[in-house]
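Chemist: below are the sequence and a predicted model; questions follow.
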Amino acid sequence: MRQAAPRKICHVLGRLERAGAELRTLELMRQLACPGVQFHVCTISGLPGMPDGRGGGSLEADVRNLGGIIHPCPMGATFPWQFQRLLRRQRFDVVHAHLFYFSGYLLRLAGREGVPVRVAHLRDTQDHHVDGPLRVLRRRLLRHWIQHHATHILAVSEAAMAAAWRPDWRSDTRCRVIYDGVESGAFAQPADHEGVRREFGFQADCPLYLHVGRMAPAKNHARVLAIFGHVVKQQPAARLLLVGRGGNEVEVRLREQVARRGFEGLVVMAGERGDVARLLLAADLLLFPSLAEGLPGVVLEACAAGLPVLASDLASVQEIAAHFPWVVSLSLTASDQAWARRAEELRADANLAAQRHRAPEAFPASVFGIRRCATSMCEVWGVSPTGT
């Protein structure tokens, strides 16, 4: 019997870097790599994938190692022609766009070329662009195209769907919340408490606070430093590790603040890393006062590691906290001193530490387990989870 042709799924991303959409897409590819599915990735930035931070190659190499095919299609005057030519040549069964409202434009082109399954995936609560007449008009047009050309509208949380799409999203059968899944296998390794601290020049037994996130205004790094300033007053031995891609104005300002506060030696900016699981397992607490999140992937990873989290009281964070007692949210209107006190309480909570030991069993069985996410996504794509 002749074997059926594989289902061709094209993910459209900005750049193959270590960011939420890219990492979660890669994890799904790992779960579903089989003869019945062929994954393609179209990148629209025209920029190469980022190194993993430890000399281990890029996400581009990871995609290719899983049998994925990458199609650079940089934005510019010729983009519509290039993208439509790609669609005609490949005849994808699914175009899955991860580019917030801009997905509407991509799905409009995909609809013209007869792609049967067209997915708009909303991964944030806002587009982070300053409002102005042209921006408002552009946003309205892109949303209109999503409305008219998407066969499926997905969001990573109920908060993201309500804020980015509409509060009554449940009335539209195309709308569905599929929580990002995290592969928890990486968190089964023994915690390298001393090794991590030694690598960054910290004392082997110091309280280690961690923040993971790219250097962007929404991540609120200045608040992290301000809170840590009060943590150090309570615990002079405490240290802070900042992990995430920088190389921009945010990092410059942050380094100036570190110097001005006299935090050299207390705070290390580690840049982008490929071993976040190892760092989460070694830390004592994740400090995450973010301003906006669709569904913070690093908070999910901390849950898989059993690491206590003190985060801002965003609706998406509270969706996670409903499943894991070691995730605690606090209003951004609370003082830095209040954040520091709550952080120390969490770090020292023996009862909470006992519950955290359930993480290796509790996380994979939760709504954030990778298998549950993969099964739900296969339903959207019209693919069997086994690829048959």
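Modeler: Yes, it's here. These numbers were taken from a predicted model, which means no experiment stands behind them. Numbering: from 1, shown residues only.
Chemist: quick one: low-confidence parts of the chain?
Modeler: The model of the chain has pLDDT under 70 over residues 1-4, 46-57, 385-388.
Chemist: where do the strands of it begin and end?
Modeler: 7-13, 37-43, 69-72, 94-97, 117-122, 152-155, 175-177, 208-212, 239-243, 267-271, 285-288, 309-312, 327-330 (DSSP state E).
Chemist: just so I know, which of those strands lies nearest residue 192?
Modeler: Taking C-beta to C-beta, strand 208-212 is the member of those nearest to residue 192, at 11.5 Å. Just so you know, the C-beta spots here come from the backbone N, C-alpha and C atoms, and that holds for glycine as well.
Chemist: sorry, back to before: out of the strands of the chain, deepest packed?
Modeler: Comparing the strands of the chain by mean neighbour count (mean count of other C-beta atoms under 10 Å), strand 94-97 ranks first with a mean of 27.
Chemist: can you name every helix or strand that that one contacts?
Modeler: With contacts taken as 3 or more C-beta pairs under 8 Å, 6 or more residues apart in numbering; DSSP states H and E, strand 94-97 sits against strand 7-13, helix 103-112, strand 117-122.
Chemist: turn those into JSON lines, including distance to residue 248.
Modeler: Formatted as JSON lines, these follow (distance: least, C-beta to C-beta, whole Å):
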{"stretch": "strand 7-13", "distance to residue 248": "20"}
{"stretch": "helix 103-112", "distance to residue 248": "25"}
{"stretch": "strand 117-122", "distance to residue 248": "25"}
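Chemist: for those, which one sits closest to residue 188?
Modeler: Nearest of the helices and strands packed on strand 94-97 to residue 188, taken as C-beta to C-beta: strand 7-13 at 27.4 Å.
Chemist: that closest one to helix 103-112, inter-axis angle?
Modeler: For strand 7-13 against helix 103-112, the angle by axes from the mean of the first three to the mean of the last three C-alpha atoms, to 10 degrees is 150 degrees.
Chemist: and strand 7-13, what does it pack against?
Modeler: helix 20-32, strand 37-43, strand 94-97.
Chemist: and of the strands of the chain, who's closest to residue 252?
Modeler: That would be strand 267-271 among these, by C-beta to C-beta, at 11.2 Å.
Chemist: angle of the closest one against strand 208-212?
Modeler: Counting by the same axes, to 10 degrees, strand 267-271 lies at 40 degrees to strand 208-212.
Chemist: please renumber so the chain begins at 502
Modeler: That works, and once the first residue is 502, the last one we named lands at strand 768-772.
Chemist: alpha carbons of strand 768-772, as CSV, please.
Modeler: Extracted in CSV, the C-alpha atoms of strand 768-772 (Å, rounded to 0.1, in the frame of the first residue of the first chain):
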residue,chain,number,x,y,z
VAL,A,768,24.7,41.0,40.0
VAL,A,769,25.9,39.1,37.0
MET,A,770,24.4,39.6,33.5
ALA,A,771,24.9,36.3,31.8
GLY,A,772,23.4,37.1,28.4
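Chemist: quick one, it and strand 740-744 angle?
Modeler: Orientation check (the same axes, to 10 degrees): strand 768-772 against strand 740-744 gives 20 degrees.
Chemist: so residue 525 sits right up against residue 796, yeah?
Modeler: No. Distance between residue 525 and residue 796: 9.3 Å, which falls outside the contact criterion (C-beta atoms under 8 Å).
Chemist: who has more neighbours out of those two?
Modeler: Taking other C-beta atoms under 10 Å, residue 525 and residue 796 do not tie; residue 796 has more neighbours (26 against 23).
Chemist: returning to what we had before: of the helices and strands packed on strand 595-598, give the one that comes closest to residue 561.
Modeler: Closest among these, using C-beta to C-beta: strand 508-514, at 11.1 Å.
Chemist: so where's the longest helix in the chain?
Modeler: The longest helix of the chain (DSSP state H) is helix 634-650.
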